[in-house]
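Trainee: Here is a sequence with its predicted model. Questions after.
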Amino acid sequence: MTEHYFSDLRSIFLLKFFSIPYVLALCSPNCYWYSVNSNQIGDGYCDTSCMTQGCSFDGGDCEWYCSYYTNCTLASNGVCDSSCNSAYCGFDHGDCGYCSNGCTLEFLEDSVCHSECNNYSCNFSNFTCVSFI
């Protein structure tokens, strides 16, 4: 079985929308975004292997974890609250960053390599920190 990793949501959307044939799409290791037999994202079950930006933080399936097991009561209020600043809480639902702590959408869109975004979860600052030979 061939596994294909799709780290950006646009690729996954296009695959699902246009029904492009493929065997299996994984947004992170051991997390099935869409396949013929399985779909872990948005299935109502919190899958820790899907708690990545590429997997859209398990499609919100782990939101209960954020509010139940942490002191995060001020999520998505426009201020980065330290109690909500984790992958499980979506980095305060984007207030503390998009795909990692301190990495904002503006950083990902400005074509500049930012150290806060230079990691796998953020596609190495949207591939601006990667040199292609």
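Mentor: Everything's here; your move.
Trainee: Let me see the contact set for residue 102.
Mentor: Shown in contact with residue 102 (CB atoms under 8 Å, 6 or more residues apart in numbering): 96, 116. In this view, the C-beta of every residue, glycine as well, is placed from N, C-alpha and C.
Trainee: if we go to 10 Å?
Mentor: 80, 85, 91, 96, 114, 115, 116, 117 (CB atoms under 10 Å, 6 or more residues apart in numbering).
Trainee: phi, psi of residue 49?
Mentor: In terms of degrees, to the nearest 10, the main-chain angles of residue 49 are phi -70, psi -10.
Trainee: For it, grab the count of nearby residues.
Mentor: A count of neighbours around residue 49, defined by other CB atoms under 10 Å, yields 15.
Trainee: in terms of contact, does it touch residue 40 like I think?
Mentor: Yes. Residue 49 lies in contact with residue 40 (CB atoms under 10 Å); the separation is 7.8 Å.
Trainee: list residues touching both of these two?
Mentor: 26, 27, 30, 31, 32, 55, 58.
Trainee: which one among the residues you listed gets closest to residue 44?
Mentor: Using CB to CB, residue 58 is the member of the shared contacts of residue 49 and residue 40 that lies nearest residue 44, at 10.0 Å.
Trainee: doesn't the closest one fall inside a helix?
Mentor: Yes. Residue 58: assigned to a helix according to DSSP: H, G, I helix; E, B strand; the rest coil.
Trainee: which regions of this structure sit below the pLDDT cut-off?
Mentor: 1-26, 33-38, 53, 67-70, 75, 131-133 (pLDDT under 70).
Trainee: can you pull out the strands in the protein?
Mentor: Assigned by DSSP state E, the chain shows strands spanning 4-5, 24-28, 31-35.
Trainee: Excluding chain neighbours, what is closest to residue 94?
Mentor: residue 76 (7.0 Å; CB to CB, 6 or more residues apart in numbering).
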